[in-house]
Every structure is written in structure tokens, then in C-alpha cells.
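Chemist: Return a 3D structure for these sequence lines:
(one chain, ligands or ions: 2)
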Amino acid sequence: MEPPDIERLDERTIQRIAAGEVVERPASVVKELVENSLDAGASRVAVSVEAGGTEGIRVRDDGVGIPEDQLEAAVAEHATSKIADIDDLEAGVGTLGFRGEALYTVGAVSRLTVRSRPSDAEAGAEITVEGGDVGAVRPAGCPTGTTVEVEDLFYNTPARKKFLKRVTTEFDHVNTVVTGYALANPEVAVSLEHDGRETFATEGNGDLRSAVLAVYGREVAESMVAVDWEPDPSAAGGDNPVKRVSGLVSHPETTRSARDYLATYVNDRYVTAGALREAVLEAYGGQLAPDRYPFAVLFVEVPPDEVDVNVHPRKLEVRFDREAGVRAAVESAVEAALLDHGLIRSTAPRG
Ligand code: ADP
Ligand code: MG
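Modeler: Ligands and ions are numbered 1, 2, ... in the order given. Below you'll find the model as predicted:
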């Protein structure tokens, strides 16, 4: 058999393959758009999706907006306002995004419209991208801020579209993402709507319990106790990999049958870290019924050099240098809160 020729793929094919790796499902689009709104300093972020996001996604914010003459750059590849060069990156990025590829990527696999008006602009403008074809910038009436609309996700990548799950499953993913940001940013009014019906809307008053009330309901909010823990500076060694653990955890009898309600954040980033979830469960020390899981919204602060958040840019995993120490800190923090409220019995003091 003759070896086949090796040929470079055409740009469109490269673009779509790359897009499929970044944008897996509607929830990944929602994550990128909500992060952009938060990076834009929004105090309101309204998300609405149709058919679990498979037919339509709209994210509207009241952030700084995009000037008309920047709209083309906003949807261009590797174009960002958040870092200028590698030095900025090394110095540490204070925004959720910085790669400048989300809008470009979403535009490659959907019909995307970005409509915006900065507060000092007299009128708004919009740009549309259809399957990678960038249209002209046009005037558009809109309030201050930015609205991004995504229709027919994956219409031009049928193989990717086939992998989408049922509408309810896709919506569950969207809901998890938006909930995660709503709880992490109680000072921002975040709302979610599915097929015209409101799923939740937080007040944006800065109070975590109020955000929990909006998202999970009164029973859960009222059962939550506050966690606020810092390492004891006089403890042996005095060198703890965790600076602070704070947030809310539920009464051991306010539980669900899934682990989905254990929301953990490391340095304000939502992460799915098995080690953190297990540490929370450990703290309940046998007070939970079998296969029942509590609610938790837990913020863990660690020095940046103790954690690698870039295990994979799209995944929500983290790796700790000193994982055992982090687990112990989280467990102590939650245990102290539960003990304080008489929700668990004291166990032998740990070393
Ligand atoms: P990144 O977030 O990594 O910079 P994106 O492709 O997500 O890349 O966005 C490109 C640029 O478009 C951003 O750097 C920002 O300047 C602008 N932008 C995107 N969304 C918004 C928004 N909601 N409000 C204001 N500016 C935005
Ligand atoms: Mg972004």
C-alpha cells in the first residue's frame, strides 16, 4: 500500500475542529459569555436559553460595553482586551478570560450576534457571525451594556450536534454553570430563564445567603450555617497551604441524593475538585444518611503558588501542591462550623 499524502487542512475545517474542542455543549457557551459579562464589570447578568441552549442562548449585561470600532476585534481570533502580552500573563491575570478565542470560536459553529453600547456612546451597534463568516457592523438600538445571542449552535458541525443530549440534560448543565457564577458573585444580580420561564434570579445585594435563597430555595437557605476559618498562626509549623475557608454549608438533614450541590471555589474560581468535596463530606462525620449529600458553597483561598488551575483551560479541575493539607483545612473549617451550631458531635481533636 502506498503511503497517503499528508496535506494541510483548509482553514474552515481547522477552525471547526478547534471550535468543537473548546465548545462542547450549550453550557460551555454560557460559561464563556457569563465570564465575559463578569469581566466587563456587570452588575446584572441575564441568561436566557431555548431548548436547553441547543436552539438559542442569550446573555445580556450592563457592563462596560464594546465600542463600535472594537466589535470586529471582539469576534476575531486571539484578540482580547484583557492582556497585552506574555508579561501580563506571567504577572497574573485578574480576569476570567484572556485567551481572546471564545467569541471567535462560538461564531465558527453558530449564528452569533454581539450587540453593545458603552455608556458614553450615543447609540449601539452590532455584528453578526454566521459559521465563521463575519458580517458588517451595523447600528442597533440597545441599552448600555452588551447582549450576545447564539442561535443554532453546531448547525454546521452535525457530528458535534449529534453528541448533544436531551434538552433537560443540556439545561441541567447550563443551570449548574449559571448557578456556580451566581453563588460566586452575590454582588451581581444573575438570572436564568429557560423557554421563557424564570429558573432563578439573585438580587445582587452581596449577601451569599440571599443568593442561596434565590437559587436553592428557602428550606436550604435557612438550614445553612456559616463557615469562616483561618489557620491558627501558632499551630505547629505555622505553614498552612490554605489561607481561608469561608461560605455556607447545610444542616446534615438538609440533603439531596446527588453531589451536585457541593459548590467549591478556589481563589474565586468554580472548580470541581474531588478532594474538596470529600473533605466536606468527611466533616459531617457519619451524620449524613447513606447516599445523601449536603449543600455547600465553599470558598477556599490558597496562595497562587499552591495551586495549578491550568490543568486544562476548559476543565474545572485544579491540582494542589499540598493536597493533604488543603483537605485537612477544609475538613477542619466545615467541622468547626457544624460543631459551633451543635449539628455534629465533637470527635477527638486532630493534630
Ligand atoms: P477573552 O474573554 O479571552 O478576552 P473573548 O473572545 O471572550 O475573549 O472576548 C473578546 C473580547 O471581546 C474581550 O476581550 C472583550 O474586550 C470583549 N467582550 C466580549 N464580551 C464582552 C462583554 N460582555 N462586555 C464587554 N466586552 C466584551
Ligand atoms: Mg472571554
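Chemist: how long is stretch 158-168 from one end to the other?
Modeler: End-to-end distance for stretch 158-168, by CA to CA, to the nearest Å: 20 Å.
Chemist: What residue, apart from its backbone neighbours, is nearest the closest residue to ligand 2 within the chain spatially?
Modeler: Relative to ligand 2, the nearest point of the chain is residue 97 (2.9 Å; CB to the ion). Every C-beta, even on glycine, is put in place using the N, C-alpha and C of the backbone. Once flanking residues are discounted, residue 97 sits nearest to residue 35: 5.3 Å by CB to CB, 6 or more residues apart in numbering.
Chemist: Which positions in the stretch 51-200 of the chain make contact with ligand 1?
Modeler: Residues of the stretch 51-200 of the chain lying near ligand 1 by CB under 6 Å from any ligand atom: 61, 63-66, 74, 80-82, 97-104, 146.
Chemist: mind running it again at 8 Å?
Modeler: 59, 61, 63-66, 70, 73-75, 79-82, 95-105, 114, 116, 145-146, 148 (CB under 8 Å from any ligand atom).
Chemist: Selection in PyMOL covering whichever of the residues you listed are buried, please.
Modeler: Restricted to buried positions by 16 or more other CB atoms under 10 Å, the PyMOL selection for these reads:
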select buried, resi 59+61+63+64+65+66+70+74+75+80+81+82+96+97+98+99+100+101+102+103+104+105+114+116+145+146+148
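Chemist: Mark which of the residues of the stretch 51-200 of the chain next to ligand 1 are part of helices, please.
Modeler: 73, 74, 102, 103, 104, 105 (DSSP state H).
Chemist: Show me where the stretch 51-200 of the chain has its strands.
Modeler: For the stretch 51-200 of the chain, the strands defined by DSSP state E, counting those that start in this stretch cover 56-61, 111-117, 124-130, 133-134, 138-140, 145-151, 189-194, 197-201.
Chemist: Quick check: mean pLDDT of the fourth one?
Modeler: Spelled out, it's strand 133-134. Averaging pLDDT along strand 133-134 gives 96.
Chemist: Give the partner strands of that strand in its sheet and their orientations.
Modeler: When pairing is defined by DSSP bridges, strand 133-134 lines up against strand 124-130 (antiparallel).
Chemist: where's the partner strand relative to the chain centroid, distance-wise?
Modeler: Centroid separation between strand 124-130 and its chain, computed with CA atoms, centre = their mean, to the nearest Å, is 25 Å.
Chemist: can you tell me the residue of the chain closest to ligand 1?
Modeler: Minimum separation of the chain from ligand 1 (CB to the nearest ligand atom) falls at residue 97, amounting to 2.6 Å.
Chemist: which residues sit in contact with that residue?
Modeler: 32, 35, 36, 39, 80, 82 (CB atoms under 8 Å, 6 or more residues apart in numbering).
Chemist: ok, and of those residues, which contact ligand 2?
Modeler: residue 36 (CB under 5 Å from the ion).
Chemist: What is the nearest of the contacts of residue 97 to residue 346?
Modeler: residue 35 (41.8 Å; CB to CB).
Chemist: Neighbours of the closest one, how many?
Modeler: Using other CB atoms under 10 Å, the number of residues around residue 35 comes to 18.
Chemist: any chance you could map the helices in the stretch 101-250 of the chain?
Modeler: Assigned helices in the stretch 101-250 of the chain, in chain order: 102-108, 158-162, 167-184, 208-216, 218-223 (criterion: DSSP state H, counting those that start in this stretch).
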